[in-house]
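J.: can't give you the sequence, but here's the structure:
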């Protein structure tokens, strides 16, 4: 508690800036750290890339730290980010899946790497500006809890944190609405009080994922066939990295009706299209399981499951199939179950666990 040392990841945004202030007010010894993860050595190139990757983030975090009267350092995590986020991102797209790089970054860079270095300098905790809360349950386990700001809740992207990581993490912004966070920043005169939120993938600033993968992987992504679910060829696609399940725009197909991506088949280089009804399913299989509020599944577990960040969640039952495999069966069909995305299980306000979607079952 009071007097304990905490390292807070300062992205240069308003949320982590106010989180640092709240921790200092609570009596912690606060050290601000901005994680340098952008791969470009050229300062002009790096400064053009916003979010938590650009040089602008470092400068904003420094200014905030000066106002708050806390030390601020920059730590180099380029290697960890390259290995665990960028390479993963490209590998998944090339395999016909749609990854969530923010989840990988949270687990392996913002937590695993930052926590390790923070412990080495004597810190008891790390902290972030995420809109989420951490609770210790009656069963002795730590779990992520939905934030007070329902519209900004970030628990989905934190489902795979470990028990040890949660035990050494603080998330003070989770108790506040976004509007209140900005009010606090304004009252302190922080330069980031009205800074816009970073919404896109930080290392692909133009959001042209296919071009990024082609330029950075050295792999030429070939064109292939659009096919219907019965195998009929109906056109040519630009390469599987251009598509994701549920997509309608950018297909450039004249079918006389709206069509959507139903499946991506990297083994045959086909993109399967179909009617909107064909994008729905009532079950999926997932792997890469991580349990949080519960130690594991004992038989079946009734949950509310989210299949993407902005999904409202749907009632479902989770069944263990194998050591690292589970089936999720929904009460009603859900749209666009996408391989590579996370499915996160909620028990009320708490995250029970989650995994990576393999596909329909």
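T.: Happy to help now that I have it. Quick caveat: nothing in here was measured; it's all calculated off a predicted structure.

J.: Helix or strand with the lowest mean pLDDT in this structure?
T.: When each helix and strand of the chain is scored by mean pLDDT, DSSP states H and E, helix 43-48 comes last, with a mean of 46.

J.: same for whichever helix or strand comes after that one, what does it pack against?
T.: Going down the chain from helix 43-48, the next helix or strand is helix 55-68, by DSSP states H and E. Helix 55-68 sits against helix 14-25, strand 29-36, helix 43-48, strand 72-76, with contacts defined as 3 or more CB pairs under 8 Å, 6 or more residues apart in numbering; DSSP states H and E. Backbone N, C-alpha and C define where each C-beta goes, glycine included.

J.: so residue 321 touches residue 285, yeah?
T.: Yes - taking contacts as CB atoms under 8 Å, residue 321 lies within contact range of residue 285: 7.1 Å.

J.: shared neighbours of those two, anything?
T.: Between them, residue 321 and residue 285 share these contacting residues under CB atoms under 8 Å, 6 or more residues apart in numbering: residue 327.

J.: Neighbour count: those two, which is higher?
T.: Comparing residue 321 with residue 285 by other CB atoms under 10 Å, the one with more neighbours is residue 285, at 20 against 13.

J.: Could you say which helix or strand holds that one?
T.: Counting by DSSP H and E, residue 285 is found in strand 280-291.

J.: Then residue 118?
T.: Going by DSSP H and E, residue 118 is in helix 114-120.

J.: roughly how far out does that helix sit from the chain middle?
T.: Distance, stretch centre to chain centre, for helix 114-120: 21 Å (CA atoms, centre = their mean, to the nearest Å).

J.: ok, residues contacting that helix?
T.: Applying CB under 8 Å, 6+ apart, the set of residues contacting helix 114-120 is 7, 9, 33, 35, 75, 77, 125-126, 165, 168-169.

J.: Can you name the next helix or strand after that helix?
T.: Criterion used, DSSP H and E; the element after helix 114-120 is strand 125-127.

J.: That next one pairs with which strands, and in what direction?
T.: strand 5-9 (parallel), strand 169-170 (parallel) (DSSP bridges).

J.: quick one: the helices in the stretch 201-350 of the chain?
T.: Along the stretch 201-350 of the chain, counting by DSSP state H, counting those that start in this stretch, helices occupy 209-217.

J.: returning to that earlier point: tabulate the strands paired with strand 125-127 in TSV, adding columns for mean neighbour count, mean pLDDT and distance to residue 28.
T.: Putting the strands paired with strand 125-127 into TSV (neighbours: other CB atoms under 10 Å; pLDDT from 0 to 100; distance: least, CB to CB, whole Å) gives the following:
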stretch	mean neighbour count	mean pLDDT	distance to residue 28
strand 5-9	24	97	5
strand 169-170	21	98	8
